[in-house]
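# Sharing a model that was predicted from the sequence below.
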Amino acid sequence: MGTIIDGRGLADKIQHELKEEVAALKEKGIVPGLAVVLVGENGASKTYVKNKERSAQKVGIHSIVDRLPEETTEQALLMKIEQYNQDPTIHGILVQLPLPLHINEEKILQAILPSKDVDGFHPVNMGKLFSGQPDKLPCTPYGIMEMFKHYDVDLEGKNAVVIGRSNIVGKPMAQLLLMKNATVTIAHSKTKNLAKIAQEADILVVAIGKANFITADFVKSGAVVIDVGMNRDDQGKLAGDVAFDQVIDKASLVTPVPKGVGPMTITMLLSQTVSSAKEQMTVVR
Ligand SMILES: Nc1nc(=O)c2c([nH]1)NC[C@@H]1CN(c3ccc(C(=O)N[C@@H](CCC(=O)O)C(=O)O)cc3)C=[N+]21
């Protein structure tokens, strides 16, 4: 029987530390500010945004949530971003993805000042990461690396398999693992013999988007399994990509869904907002 990685517990611990850091910053007259922009009526997105808002308030970050209608034009959204770029009380900007189809996502992400890009999605921040000079990081892979650190997971020389190749999870995850000297394989929807590749993994990070897809037969005995999946069924109940009940018997460490990767993602967002406020405080004007 493996151990459950308590993402919720670790997130609470880090958020508690952030709260103290924010209180100290307030003594110096700095209140970290986060602007979250939500376009349209995506139900799941709304829940995430609500969670982020609640956590931000808990640690004392000033958070603004801008709920814009589905019909918002690309031009109007660009102007909104420019307003937050210029606003000295805002240190972090997050535009919730996915955006409506009539808006060009790349164009929007590029409009955010890299110094306020607390999601780590701007090409400048991606370029820094992939050239080995990390600055702002995508929050999900960052949160997973913090879990490895906290649970003393040694990555050097290990076989790490990342299933999923998105810009926001799979690719940056692979790069962060590589920077810790893991031997990294990126698998994806076109990969042949996925089970065979997964079975070789000492570290298995799963971001597929199919409920309970990773059963025990995909998992090497003693592996560390990280579940990035967030699949909601008709009743609104959340399930990961990993069949937790069977995998926990075979793996050494497994993240649950909920209370695994999700709370850590939010915590890294808050952490980068606080760091961003500190950096912007020292800018000479
Ligand atoms: N620009 C942008 N940045 C994001 O970081 C981003 C995004 N867009 N679009 C959507 C995804 C999804 N995401 C989640 C974060 C936390 C939880 C989370 O906290 N989940 C909890 C509770 C889940 C529940 O019960 O609803 C848990 O797993 O325990 C979930 C999902 C961030 N995303």
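Thanks, I have the structure now. Numbers count the residues shown, from 1 in each chain.
# For the stretch 101-250 of the chain, which residues are neighbours of the ligand?
Asp119, Cys139, Met230, Leu238 (C-beta under 6 Å from any ligand atom). For every residue, glycine as well, the C-beta is placed using N, CA and C.
# for the second one, what are its contacts?
When the contact criterion is C-beta atoms under 8 Å, 6 or more residues apart in numbering, the partners of Cys139 are Val118, Asp119, Gly120, Thr265, Ile266, Met268, Leu269, Gln272.
# 10 Å instead?
By C-beta atoms under 10 Å, 6 or more residues apart in numbering, the residues touching Cys139 are 94, 118-121, 168-169, 172, 261, 264-272.
# For the nearest residue to Asn104 once chain neighbours are set aside, give its distance to Ala44.
Sequence neighbours aside, Glu74 is the residue nearest to Asn104 in space, at 6.2 Å (criterion: C-beta to C-beta, 6 or more residues apart in numbering). Look at Glu74 and Ala44: by C-beta to C-beta, to the nearest Å, they are 22 Å apart.
# can I assume the residue nearest to Asn104 is in contact with Glu106?
No: using C-beta atoms under 10 Å as the test, Glu74 is too far from Glu106 to be in contact (11.1 Å).
# Quickly find the element holding the closest residue to the ligand within the stretch 151-285 of the chain.
Residue nearest to the ligand within the stretch 151-285 of the chain (C-beta to the nearest ligand atom): Gly262, separated by 2.4 Å. If you go by DSSP states H and E, Gly262 is part of helix 261-281.
# Output the helix or strand of the chain with the lowest mean pLDDT as PDB - backbone C-alpha positions only.
When each helix and strand of the chain is scored by mean pLDDT, DSSP states H and E, helix 43-59 comes last, with a mean of 87. The C-alpha coordinates for helix 43-59 follow below in PDB (Å, rounded to 0.1, in the frame of the first residue of the first chain):
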ATOM      1  CA  GLY A  43     -19.000  26.300 -15.500                       C
ATOM      2  CA  ALA A  44     -15.800  24.600 -14.500                       C
ATOM      3  CA  SER A  45     -13.800  27.700 -15.100                       C
ATOM      4  CA  LYS A  46     -16.100  29.600 -12.700                       C
ATOM      5  CA  THR A  47     -15.400  27.100  -9.900                       C
ATOM      6  CA  TYR A  48     -11.700  27.400 -10.300                       C
ATOM      7  CA  VAL A  49     -11.900  31.200 -10.300                       C
ATOM      8  CA  LYS A  50     -13.900  31.100  -7.100                       C
ATOM      9  CA  ASN A  51     -11.400  28.800  -5.500                       C
ATOM     10  CA  LYS A  52      -8.500  31.100  -6.500                       C
ATOM     11  CA  GLU A  53     -10.400  34.100  -5.200                       C
ATOM     12  CA  ARG A  54     -11.100  32.400  -1.800                       C
ATOM     13  CA  SER A  55      -7.400  31.300  -1.400                       C
ATOM     14  CA  ALA A  56      -6.100  34.800  -2.400                       C
ATOM     15  CA  GLN A  57      -8.300  36.400   0.200                       C
ATOM     16  CA  LYS A  58      -7.200  33.900   2.800                       C
ATOM     17  CA  VAL A  59      -3.500  34.800   2.400                       C
END
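# Many thanks, we can stop here.
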